[in-house]
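A.B. asks: After the sequence you'll find the predicted model.
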Amino acid sequence: MVDEDTIQNPSFRDLESGKPAEQPPAVSSEVKRPSADADAVVTTRRQSYVRMGDPENRKLSLGRRRSSGKEDVWDVTMDIEEEVEYVPWAEKTQVQRVGSVLWVVGRILFALLCVYLFINSLTFLSAAFQLLGGKSAGAAFSQGSIMSNPIVGLMLGVLVTVLVQSSSTSTSIIVAMIAAGILQLTPAINIIMGANIGTTVTNTIVSMGQSIDRKQFRRSFAGATVHDCFNWLCVAVFLPLEAIFHPIRRLSEEIVKGVGQSSGENQDFIKVITKPFTDKIIRMNIKKVLAEVTKYCSDESEHKDPDDCQKWRDTTLMKQCKNEQGEIVKCGFLFSETGLSDTWTGLILMVLSLLMLCLCLAGLVKTLQSILLGPVAGALKKHINSDLPYPFKWLTGYVFMAIGVVFTFLLQSSSVFTSTLTPLVGLGVISIDRMYPLTLGSNIGTTTTAMLAALASSSDARTTTIQIAVCHLLFNIFGIILFYPIPFMRKIPIAGAKMLGNTTAKYRWFAAVYLLIVFLFLPTLLLGLSLLSSVVFYIFLGLVLLIFLSVVSLNLLQKYQKHRLPLKFQTWNFLPEFLRSLKPYDRLITSCCARCTCCKCGAKPVEDVSVSYGHK
């Protein structure tokens with residue numbers, strides 16, 4: 001038996017030939033333990049996930065971990081080794097083999113059931129947000145006069161998409177406003193950019209289901225927020241370019257010429273399997289109601305009518321059925337029988353959907369953990385996170401991007417696709433670097449859904465609908481061209497997601513604060529300032545931009561030209577602690593939670609782990 005240190009030693013040679021000896025593919029130790037049945041032998045095998053890879057990569061990764069003394073928390077091939085006790089298949093009896101097969105099949109079926117209920121819980125959560133904030137979204141869209149400001153249009157798209165939990169619903173409202181002459185195409189593009197950001201809130205919420213385990217939470221939150229980082233970076237680049245030069249609008253106008261009379265068909269594949277269950281609980285009619293609210297309540301609409309506006313604002317967002325005499329009757333789903341208002345229905349549905357989501361996520365994670373053990377986990381991680389063989393290695397990311405496009409097209413929802421992958425990232429099955437191209441593919445896939453819907457629309461609004469879908473597609477394609485092909489640019493959103501994951505693993509309350517600030521507080525604040533005064537809005541925006549540029553500049557100087565700075569500015573210690581660290585807030589939150597007997601957020605502190613954001 002050759003020990004591992006000998007294998008890793010590059011001077012290990014065959015004593016007779018003097019040539020480098022061939023390294024064995026794996027190192028395993030077998031310990032036979034006594035059993036009640038003398039014929040049954042239980043073999044305990046200690047297998048390292050690292051050893052299942054290429055020998056050279058194995059040598060480098062193990063050597064790097066030993067030399068640094070720290071574990072790279074983002075490298076899924078370097079998970080802590082575990083002892084897995086199992087009886088080899090050849091040594092099992094017929095009864096044991098049947099039991100093993102039934103065990104695996106049963107867990108796979110249970111995992112599929114959890115996925116099915118998980119997707120339904122996302123549908124219920126979306127309906128709950130629509131019931132609670134849908135009419136507010138319609139009222140916000142009716143403020144057409146403030147949408148000429150690109151920042152306001154962007155934040156409006158974020159806020160409305162968060163409220164209705166659907167970028168397709170936001171796009172439908174935009175199309176209705178353009179068709180009615182309420183909104184021009186240029187501000188509509190800004191709102192679409194915001195909708196692209198707002199739709200990522202779902203997988204960020206899903207990642208919080210793994211907050212109990214810090215290691216899983218670090219990965220899952222980073223896997224969810226890599227979508228946020230990409231979208232915000234794209235907005236930072238293309239929003240000012242579109243406001244000044246209008247490249248997306250002009251290119252979309254050229255593309256849609258001559259396709260206005262095309263026809264198509266839109267099939268929502270995911271609803272084929274989910275509607276039989278969800279329609280028994282809730283049915284929504286939000287698109288029609290919000291379109292009518294926008295039509296009759298907007299100041300720019302020629303159809304503005306205070307009476308009709310109030311009428312549609314008082315109309316429930318749940319589907320209403322009528323009999324042959326035109327009287328409203330119950331539609332047969334659960335909440336139509338209760339007679340509750342939209343607000344109470346939304347609150348109840350939100351509690352139930354979040355409970356259902358957490359239970360399904362917990363069941364799915366535990367089931368996958370029980371299935372993905374030992375050799376299975378190692379083989380799965382190896383194949384998912386490995387690159388194509390040379391010379392096609394550079395195509396690996398684009399292949400996974402295409403997979404993201406196909407699955408999002410089949411599911412008809414980027415939120416469902418990325419939310420399903422988020423727990424797998426937390427478990428370490430999918431790495432952050434592999435999640436990134438899958439996310440980019442889902443961004444493209446969700447625009448193909450809008451394109452099919454546009455082709456299936458009425459001929460009067462088809463050209464406008466197609467142009468909106470093309471604008472959405474071009475925005476995502478331009479973002480991919482900028483932040484994926486060049487390796488340096490590719491690392492920027494991944495590094496941002498890893499930074500958020502590290503912060504969340506150390507301060508778990510940060511995830512909730514991030515959700516509230518990015519998806520609710522910031523859009524609401526900017527909208528409020530724009531309504532208050534344009535002068536106040538631009539002063540606030542200028543101050544924020546100045547502070548941001550100052551922080552970035554000083555960080556770069558501290559990193560690369562530290563010796564040129566005055567001693568006081570070589571670190572951030574000149575600022576009060578609450579302006580440069582989250583520790584004061586953590587102490588405050590921990591002390592508050594410690595006084596509450598029903599809250600245990602004051603967990604043990606986690607050791608800070610140094611993380612390499614790029615390849616050395």
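C.D. replies: Structure received.
A.B. asks: tell me which residues in stretch 357-366 are buried?
C.D. replies: 357, 360-361, 363-365 (16 or more other CB atoms under 10 Å). Using the backbone N, CA and C atoms, a C-beta is placed for each residue, glycine as well.
A.B. asks: what do you get for stretch 199-216?
C.D. replies: 199-211, 214-216.
A.B. asks: And stretch 528-546, by the same measure?
C.D. replies: In stretch 528-546, counting by 16+ other CB under 10 Å, buried: 529-530, 537, 540.
A.B. asks: pLDDT (mean, whole number) over that stretch?
C.D. replies: Mean pLDDT, stretch 528-546: 85.
A.B. asks: what's the offset of that stretch from the middle of its chain?
C.D. replies: Distance of stretch 528-546 from the chain centroid (CA atoms, centre = their mean, to the nearest Å) equals 30 Å.
A.B. asks: for stretch 539-559, same thing?
C.D. replies: For stretch 539-559, the separation from the chain centroid amounts to 28 Å (computed by CA atoms, centre = their mean).
A.B. asks: ditto for stretch 400-408
C.D. replies: 15 Å.
A.B. asks: try stretch 226-241
C.D. replies: Relative to its parent chain, stretch 226-241 has a centroid offset of 15 Å by CA atoms, centre = their mean.
A.B. asks: repeat for stretch 197-214
C.D. replies: Centre-to-centre, stretch 197-214 and its host chain are 7 Å apart (CA atoms, centre = their mean).
A.B. asks: again with stretch 426-444
C.D. replies: Averaging C-alpha positions (CA atoms, centre = their mean) puts stretch 426-444 9 Å from its chain's average.
A.B. asks: all strands of the stretch 501-616 of the chain, in order?
C.D. replies: Using DSSP state E, counting those that start in this stretch, no strands are found in the stretch 501-616 of the chain.
A.B. asks: pLDDT weak spots in it?
C.D. replies: Scanning the stretch 501-616 of the chain for pLDDT under 70 picks out 596-616.
A.B. asks: The stretch 251-400 of the chain too?
C.D. replies: Along the stretch 251-400 of the chain, the model assigns pLDDT under 70 to residues 258-271, 299-301, 325-326, 369, 372-382.
A.B. asks: just curious, which of the buried residues of stretch 528-546 is nearest to Ile328?
C.D. replies: Lowest distance from Ile328 to these (CB to CB) belongs to Ser530, with 38.9 Å.
A.B. asks: thought the closest one was touching Gly153?
C.D. replies: No: with contacts counted by CB atoms under 8 Å, Ser530 stays clear of Gly153, the gap being 10.0 Å.
A.B. asks: can you pull the contacts of Thr447?
C.D. replies: Going by CB atoms under 8 Å, 6 or more residues apart in numbering, Thr447 touches 469, 472-473, 476.
A.B. asks: Tabulate these in TSV, adding columns for distance to Arg249 and secondary structure.
C.D. replies: Formatted as TSV, the contacts of Thr447 follow (distance: CB to CB, whole Å; DSSP: H, G, I helix; E, B strand; the rest coil):
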residue	distance to Arg249	secondary structure
Ala469	13	helix
His472	12	helix
Leu473	13	helix
Asn476	15	helix
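A.B. asks: Could I get those residues in TSV, plus columns for distance to Phe221 and neighbour count?
C.D. replies: Output for those, formatted as TSV (distance: CB to CB, whole Å; neighbours: other CB atoms under 10 Å):
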residue	distance to Phe221	neighbour count
Ala469	31	24
His472	26	25
Leu473	28	20
Asn476	23	22
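A.B. asks: ok, how many other residues are close to Val399?
C.D. replies: Val399: 13 surrounding residues under other CB atoms under 10 Å.
A.B. asks: whoops, I mixed them up, Ala291
C.D. replies: For Ala291, the neighbour count with other CB under 10 Å is 20.
A.B. asks: Then Cys593?
C.D. replies: As a burial measure, Cys593 scores 15 neighbours (other CB under 10 Å).
A.B. asks: pLDDT on stretch 475-487, on average?
C.D. replies: Mean per-residue pLDDT for stretch 475-487: 93.
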